[in-house]
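Undergrad: let's see this in three dimensions:
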Amino acid sequence: MKTLNNRWWALGALCFAELLVMVDNTIVNVALPTMARDLDAGISGLQWIVDAYTLVFAGLLLTGGYLGDRFGHRRMLITGVIGFAAVSVAAASTQNLAQLIVARGGLGVFAALVFPATLAIITTIFTEASERAAAVGIWAATSGVAVAIGPVLGGWLLEHFSWTSVFWVNVPLGAVALVAILAVVPGTRPEVVAPFDLLGLALSIAGLGLLTYSVIEGPHFGWSDPRTIGGLVVALGLLALFGWREARIDHPILDVRLFTNRRFATAAGMISVAFFALFGFIFLITQFFQAVKGYGPFEAGLRTLPFAVVMAALSPVAMALSHRFGARPVAVTGAFLMSGGFALVEVSSRMSGYWELIIWSMSLMAAGLAFISGPCTQLIMDSLRPEQAGAGSAVNDTTREIGGTLGVAVLGSILTSAYVAGVGNRLSDIGVPREAREIAEQSVMAGGAVADQAPSAVADTVRAAIQDVFMDGLHNAVWAAVAITAFAGLAALYLLRGHTAPEGSEVEREVVTATS
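TA: Numbers count the residues shown, from 1 in each chain. Okay, here's the model as predicted:
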């Protein structure tokens, strides 16, 4: 009984460490207006405060998992938590924009050590199939919940403290995580210590980093710009070279032949789509709450909490259903639930009420994410040998980050393009001066500022025009999300066909066949 309890206490500590680094994906967003004022930062600078973390985090996840496989996942986890807290102090103490962007990149370095280690340790200490399914489900739920609660925590901190509090909060949280890890998380020794693959690491970092950078910058340069296309082509070339090398050496960082297993590859793709939808949804809904409904940062964040509640409540249900019926029907249902949640947004307008429509859309998306994330994560991890746990966890984590980055980039680009193309004409039709129109075209938040400064006789008309154009762009972006999630459901229905053993034995046999 003591051993059993220790496992579940360890799971709690690991999920808390996961929460620490995942919250940082979104907690900073609500502080950007204040940072812009205090650091004299423009739009590009603010974007890089957010993107520096994502870029480094995604680029180094495979490296972090590989280092854990070699030197021990607990050791990397402790190093990551200590480094994350230390760099948070540096971020909170920065005096200018450049220092803050560098500090955000530093946070990404240590987050890349923490995140893959948590899942790798979970799969090591939970050896019984049903317990492992429950543990992976809780871990997957924590990841989704963390992204959703970031704006809530950030909004509350900003109402009581300065913007530096979104970094200072990592210090006590990191201390709690460190004490818990030292107390209850067991050490894991690598079963096989292979020669260090420095060239493979360099190729993975360069390929993943350039891919993430190109996706981040795509909306700014334009998706047809030679810099965007060139960056994507070179990134895919580097990753192809990485795969070619790893398939031909005796001790690869990642056994790329795993991707010949359609269940492994499909599960990774489904997770990427799920987090494409999640990050894209958070990006869209926070703008809707603030620009259209007029909520403050904390109010807007608070209204995303039902997403976290539904995700937490249904993740164990999803894992139980997956263990009983297999991952295929659960993941397919999840994709269609997410698609339905986005489709519900299509009937919304600027007058739509939170309780009448928005919360139901949000709940469908959260249910869909719960049904995809846990079962597909378990499919990935059940496909791996013990010595691959860190690198395999990193594949799972990388698909989340790149999927999420694509979600913000693609849906944000569609929304912004429609808004910029339409707002000038609408404001011109009601007689708004050109200078004010140019300001409004920068962003919907800038448009709201234009409406606030307009004469009282026309302020409501200007605000309504700006919000209507925003809603047009929102609907365009949401149609893309509906199509992508529905297509993912159909693809999974076909690609995950056949018996999928909940324990992973069928998956493991297919991998052995594919890699022999």
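Undergrad: list the contacts for residue 12?
TA: 180, 184 (Cβ atoms under 8 Å, 6 or more residues apart in numbering). In this view, the C-beta of every residue, glycine as well, is placed from N, C-alpha and C.
Undergrad: what of residue 101?
TA: By Cβ under 8 Å, 6+ apart, the residues touching residue 101 are 45, 48, 49, 52.
Undergrad: from the residues you listed, pick the one nearest residue 430.
TA: In terms of Cβ to Cβ, no member of the contacts of residue 101 lies closer to residue 430 than residue 45, at 32.6 Å.
Undergrad: and the residue lying farthest from the centre of the chain, how close does it get to residue 446?
TA: The centre of the chain is farthest from one residue, residue 457, which by Cα atoms, centre = their mean lies 43.2 Å away. Separation of residue 457 from residue 446 (Cβ to Cβ, to the nearest Å): 21 Å.
Undergrad: ok, residue 409 next?
TA: Applying Cβ to Cβ to residue 409 and residue 446 gives a distance of 20 Å.
Undergrad: who's more crowded, the two?
TA: Shown here are residue 409 and residue 446; by other Cβ atoms under 10 Å, residue 409 has more neighbours (24 against 17).
Undergrad: so the more buried one is in which element?
TA: helix 389-429 (DSSP states H and E).
Undergrad: now swap in residue 186 and tell me
TA: For residue 186, there is no enclosing helix or strand under DSSP H and E.
Undergrad: residue ranges in this structure under the pLDDT threshold?
TA: Within the chain, the stretches with pLDDT under 70 are 1-5, 42-44, 188-194, 385-392, 498-516.
Undergrad: which one of the contacts of residue 101 sits closest to residue 489?
TA: Closest to residue 489, out of all of these and judged by Cβ to Cβ, is residue 52, at 33.9 Å.
Undergrad: number of residues surrounding the closest one?
TA: Neighbours of residue 52 (other Cβ under 10 Å): 20.
Undergrad: am I right that it is in contact with residue 99?
TA: No. Counting by Cβ atoms under 8 Å, residue 52 stays clear of residue 99, with 11.4 Å between them.
Undergrad: could you pull out the strands for the stretch 251-400 of the chain?
TA: Counting by DSSP state E, counting those that start in this stretch, the stretch 251-400 of the chain has no strands to list.
Undergrad: for it, just list every one of the helices.
TA: 262-287, 297-302, 305-325, 327-345, 359-382, 389-429 (DSSP state H, counting those that start in this stretch).
Undergrad: touching, residue 371 and residue 327? I think so.
TA: No. In this structure, residue 371 is not within contact of residue 327 by Cβ under 8 Å, at 9.7 Å.
Undergrad: these two: which has the busier surroundings?
TA: More crowded of residue 371 and residue 327, by other Cβ under 10 Å: residue 327, with 33 against 29.
Undergrad: in the helix or strand residue 474 falls within, what counts as buried?
TA: For residue 474, the element it lies in under DSSP H and E is helix 456-495. By neighbour count on 16 or more other Cβ atoms under 10 Å, the buried set for helix 456-495 is 462-463, 465-467, 469-475, 477-478, 480-482, 484-486, 488-489, 491-493, 495.
Undergrad: isn't residue 298 right up against residue 153?
TA: No. Look at residue 298 against residue 153 with Cβ under 8 Å: they stay out of range, at 9.5 Å.
Undergrad: still on that earlier bit, could you identify the helix or strand that succeeds the helix holding residue 409?
TA: Using DSSP H and E, the helix or strand that follows helix 389-429 towards the C-terminus is helix 434-440.
Undergrad: buried ones in the following helix or strand past that next one?
TA: Going down the chain from helix 434-440, the next helix or strand is helix 444-453, by DSSP H and E. Using 16+ other Cβ under 10 Å as the test for burial, helix 444-453 gives 444, 446, 447, 448, 450, 451.
Undergrad: so what's the gap between helix 444-453 and the chain middle?
TA: Mean-position distance between helix 444-453 and its chain equals 29 Å (Cα atoms, centre = their mean, to the nearest Å).
Undergrad: how about residues contacting it?
TA: Contacts of helix 444-453 (Cβ under 8 Å, 6+ apart): 33, 287, 290-291, 419, 423, 427, 432, 436, 439-441, 459, 462-463, 466-467, 470.
Undergrad: CA atoms only for it - export them in PDB, please.
TA: Only the C-alpha atoms of helix 444-453 are listed here, as PDB (Å, rounded to 0.1, in the frame of the first residue of the first chain):
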ATOM      1  CA  VAL A 444      -9.000  45.100 -32.800                       C
ATOM      2  CA  MET A 445      -7.700  46.400 -29.400                       C
ATOM      3  CA  ALA A 446      -6.400  49.500 -31.200                       C
ATOM      4  CA  GLY A 447      -9.800  49.800 -32.900                       C
ATOM      5  CA  GLY A 448     -11.500  49.800 -29.500                       C
ATOM      6  CA  ALA A 449      -9.200  52.700 -28.400                       C
ATOM      7  CA  VAL A 450     -10.300  54.600 -31.500                       C
ATOM      8  CA  ALA A 451     -13.900  54.000 -30.600                       C
ATOM      9  CA  ASP A 452     -13.200  55.200 -27.000                       C
ATOM     10  CA  GLN A 453     -11.800  58.500 -28.300                       C
END
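Undergrad: report the angle between it and helix 389-429.
TA: Helix 444-453 runs at 30 degrees relative to helix 389-429, counting by axes from the mean of the first three to the mean of the last three Cα atoms, to 10 degrees.
Undergrad: ok so, going back, give me whichever of the helices of the stretch 251-400 of the chain is most buried.
TA: Ranked by mean neighbour count under mean count of other Cβ atoms under 10 Å, the helices of the stretch 251-400 of the chain are led by helix 359-382, which reaches a mean of 27.
Undergrad: just checking, what packs against that helix?
TA: helix 97-125, helix 129-160, helix 262-287, helix 305-325, helix 327-345, helix 389-429, helix 505-515 (3 or more Cβ pairs under 8 Å, 6 or more residues apart in numbering; DSSP states H and E).
Undergrad: run the chain-centre distance for that helix.
TA: Mean-position distance between helix 359-382 and its chain equals 13 Å (Cα atoms, centre = their mean).
Undergrad: these two touch, right, residue 254 and residue 247?
TA: No. The criterion here is Cβ under 8 Å, and residue 254 misses it with residue 247 at 10.0 Å.
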